[in-house]
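Visitor: return atomic coordinates for the entry below.
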Amino acid sequence: MTKEVLNEDIHSQRFTVTSENLIILAVSLSLFGGRWISYIGFPNYNLFLVDLFYFFGLLGIVIFQKKSFNSKNTILITFILTLFISFQIFRNLNLPLITRLRDLVPFLYLIATPVIIRKFPETAWIRTIKVARYATLFGAIWTDLVLLGILKEFSALQQFSGVPIFSARWDHSGISLCIGLLLWGSFPRAKLRDNTLVRLFLLSSILLQYSRASYVGLFFVLLSIYFVAKSRKKIDPFQKTSFLNACLALSIVAIPILTLVAPMLPQKSALSRIGIENLFSPGKLIQDTRNSGTANARIESQKLLTGWIYQNQLEFLGAGPGREMVLESKAYVFLSGARDVRSPHSWFYGNFGRFGYLGLIMWHLICFSYIRAQRARLQVFDFPANILIVIYIIALFGVVMESPFGILPFSFFLGGGKLLDLSKDD
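Guide: Below is the predicted model:
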């Protein structure tokens, strides 16, 4: 009898580790490939490979892990979230169910966070850091190659891939690179050292790719690195800021170097988005470059959507899932270059338009409640808050939370309170 119980425990442990690895694989693939990997699966049914890996992994650790799931706080929060989602699903029954569920993805993923909080052990977090580090590094390499014109995107079978392979999206790569800058730092309790060389490469990639949202996220990341290093009094003062000193030196030489190499790069490179090529084409105005009008266009689309919400008295509940709010509000005219105009390219305005004040309150209340349930204060410049804030900042400028490559890592790291322990000194 004892032998049978022992064998059962061994099998249960193996299945648990396999389930944890599926979750790690889903998160790492999302950080590595972004949009094109996140949309491999069955696009017609809004069912993707990373979703399957993630949720099958979650189901596995719920079934096979022996650790009890007894937390009144997370159970209550999940119950309230489930009521909210159920209400939204049944609001617009005349609209396709797939479309309604698609618009609810940012809330559906949050249901998984309590499982990460309670059942994802410290050993699994250590494996996550190790794998996710290289996912961000290799992700930076292929996106740089695409920007330099060395690597070309190509179309795969449309029934299995929603977008071309190696198609880059700069708000996602900004998320991956900024998270990489944080993960390649020091985790003493996990016996992982800071790698300044890799961090400088990731920083260079952010500068090369030029994304407004990424730059804002980068500014916060550098603040985070500075204040975390400053708080570690045992480390030599010079070592505390060595990475930041290197960042400053790189920034000083980056602009002259970019100016010199601009004529040698492909026309569709990242530099064409900045407008540096106008230094060599005096007759071409900067506002004619590809980058010039996107910010103003998105602001105008958000104004139109917000005005339409108030005119139709939808400010409390929003337009609801499934409804074509961007088309009905005429906001789409400013987003004509987008593949999918269901979002005004801002999570804040998209959430408000779709779910109203109720959705905004519900979203932020749930996120703060999950952090509090981990018995840790919200330390803005430390883990996991710094990762969450980076994703949130970039989501304010693009379609991030509404997509698997944004909401998956967000909901996962939302349950990453153990990262704070791993980042502390022994």
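Visitor: now Phe410, what's its secondary structure?
Guide: Classification of Phe410 by DSSP: H, G, I helix; E, B strand; the rest coil places it in helix.
Visitor: so it sits right up against Ile389, yeah?
Guide: No: at 10.4 Å, Phe410 does not count as touching Ile389 under the criterion of Cβ atoms under 8 Å. C-beta coordinates here come from the backbone N, C-alpha and C atoms, glycine included.
Visitor: between those two, which one's more packed in?
Guide: Phe410 (24 against 18; other Cβ atoms under 10 Å).
Visitor: what about the strands in the stretch 201-350 of the chain?
Guide: With strands called from DSSP state E, counting those that start in this stretch, the stretch 201-350 of the chain shows none.
Visitor: point out where this protein drops to low pLDDT.
Guide: Across the chain, the ranges flagged by pLDDT under 70 are 1-10, 67-73, 157-159, 230-295, 336-342, 375-378, 425-426.
Visitor: list the buried residues for the helix ranked longest in it?
Guide: Ranked by residue count, the top helix of the chain under DSSP state H comes out as helix 2-33. Across helix 2-33, burial judged by 16 or more other Cβ atoms under 10 Å covers 16-17, 19-33.
Visitor: what packs against it?
Guide: Under the contact criterion of 3 or more Cβ pairs under 8 Å, 6 or more residues apart in numbering; DSSP states H and E, helix 2-33 touches helix 35-38, helix 49-64, helix 122-147, helix 170-183, helix 404-413.
Visitor: including distance to Gln374, could these go into JSON lines?
Guide: Shown next, in JSON lines, are the helices and strands packed on helix 2-33 (distance: least, Cβ to Cβ, whole Å):
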{"stretch": "helix 35-38", "distance to Gln374": "26"}
{"stretch": "helix 49-64", "distance to Gln374": "17"}
{"stretch": "helix 122-147", "distance to Gln374": "12"}
{"stretch": "helix 170-183", "distance to Gln374": "18"}
{"stretch": "helix 404-413", "distance to Gln374": "12"}
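Visitor: among the ones you listed, which comes closest to Ile77?
Guide: helix 404-413 (13.0 Å; Cβ to Cβ).
Visitor: the closest residue to Phe201 other than its chain neighbours: neighbouring residues, count only.
Guide: Closest residue to Phe201 apart from its sequence neighbours, by Cβ to Cβ, 6 or more residues apart in numbering: Ala140 at 6.8 Å. By other Cβ under 10 Å, the residues close to Ala140 number 24.
Visitor: wait, isn't Ala140 in contact with Leu177?
Guide: Yes: look at Ala140 against Leu177 with Cβ under 8 Å: they come within range, at 5.8 Å.
Visitor: any common contacting residues for those two?
Guide: 202, 205 (Cβ atoms under 8 Å, 6 or more residues apart in numbering).
Visitor: could you measure from Phe352 over to Ser346?
Guide: Going from Phe352 to Ser346 by Cβ to Cβ, to the nearest Å gives 9 Å.
Visitor: what of Phe383?
Guide: On the measure of Cβ to Cβ, Phe383 and Ser346 end up 26 Å apart.
Visitor: ok, now His11?
Guide: Going from His11 to Ser346 by Cβ to Cβ gives 47 Å.
Visitor: ok, Arg169 - contacts?
Guide: So Arg169 contacts 34-35, 398, 405 (Cβ under 8 Å, 6+ apart).
Visitor: also Leu335?
Guide: So Leu335 contacts 297-298, 301, 326, 341, 344-345 (Cβ under 8 Å, 6+ apart).
Visitor: do the same with Thr113
Guide: 370, 411-412, 414-415.
Visitor: distance between stretch 118-138 and the chain's centre?
Guide: 15 Å (Cα atoms, centre = their mean, to the nearest Å).
Visitor: farthest pair within the contacts of Leu335?
Guide: Across the contacts of Leu335 (Cβ to Cβ), the longest gap, 12.7 Å, separates Ala297 and Val326.
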